[in-house]
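Q: The sequence and its predicted three-dimensional model are supplied below.
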Amino acid sequence: MSERQVAVLGAGKVGTVLARLAVAAGRPTAIAGSGDPSALGLIVDVLAPGAVPMTAADAARQADIVIVAIPLARLDTLPADALHDKIVIDVMNYWPPVDGVLPLWEGATRSSSEIVRDVLGVDVVKSFNHMGYHELDAWTRPAGDPDRRALAVAGDDPAAVAVVAELVDAMGFDVVPLEPLHAGRVLQPGSSDIFGANLTRAELLTTLDTLGVAPATACP
């Protein structure tokens, strides 16, 4: 079976790192910014060599997995119709210094990804959001390396969580799956000690346990 194709919507710091990691993991990868794809040529050549610049709509339509990595304030600019029947990964966090104050997210008791799901009208999986882009770039390790860091993967659909978990593992991180999507709230800034902590799998499981959050039954 051919490797699933990845589209990264967002060519900022997080998006270019994730595109680079996807290419390094052997996944055919497209990347889209907010403007003409030809304007991304130099950025991609330097920061994500091997990724193919496309429009967001074209990148999403040809992909199996779509990584959304844009400021939440620009969420309504995405081609939502092109995301149907795709596995969509939400890597975003609500961050007022970047996004401004957004009423939908301000003071929300739900996971920010639950709101993203409702706005886009498609199911999403939450991951890659509790490590910074520098750390995502620096902490990739082969399976079995004792220094390997872990990423949680939260979602409502176990099959989609499994697909994202496979990608996370291929990109160099251990996986801790969480269900349902609401459980991903503990991965967000200000919600727990997980955000920015860059934990090993054992450390992440211990922290989740102290929060009363159990990993999914299919936890590898």
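A: Alright, I've got the coordinates.
Q: quick one: V168 and V153 touch, right?
A: Yes. Between V168 and V153 there is a contact under Cβ atoms under 8 Å: 6.1 Å. Where you see a C-beta, it was placed from the backbone N, CA and C, and this is true even at glycine.
Q: which is the next helix or strand following the lowest-mean-pLDDT helix or strand in the chain?
A: Least confident helix or strand of the chain, by mean pLDDT, DSSP states H and E, is helix 96-99 with a mean of 84. As assigned by DSSP states H and E, the chain's next helix or strand after helix 96-99 is helix 112-120.
Q: where in the chain is pLDDT low?
A: 1-2, 218-220 (pLDDT under 70).
Q: Quick check: chain neighbours aside, which residue is closest to the residue nearest the centre of the chain?
A: With distances taken as Cα atoms, centre = their mean, the residue of the chain nearest its centroid is V91 (3.3 Å). Leaving out its chain neighbours, the residue that sits closest to V91 by Cβ to Cβ, 6 or more residues apart in numbering is F128, at 4.0 Å.
Q: quick one: that neighbour from G35, how far?
A: Distance, F128 to G35, using Cβ to Cβ, to the nearest Å: 24 Å.
Q: Look at those two and report which has more neighbours.
A: F128 (27 against 10; other Cβ atoms under 10 Å).
Q: what secondary structure does that one sit in?
A: coil (DSSP: H, G, I helix; E, B strand; the rest coil).
Q: OK, contacts around it?
A: Taking Cβ atoms under 8 Å, 6 or more residues apart in numbering as the contact definition, F128 lies against 14, 18, 67, 69, 89, 91, 136, 151, 168.
Q: mind redoing it with 7 Å?
A: 18, 89, 91, 136, 151 (Cβ atoms under 7 Å, 6 or more residues apart in numbering).
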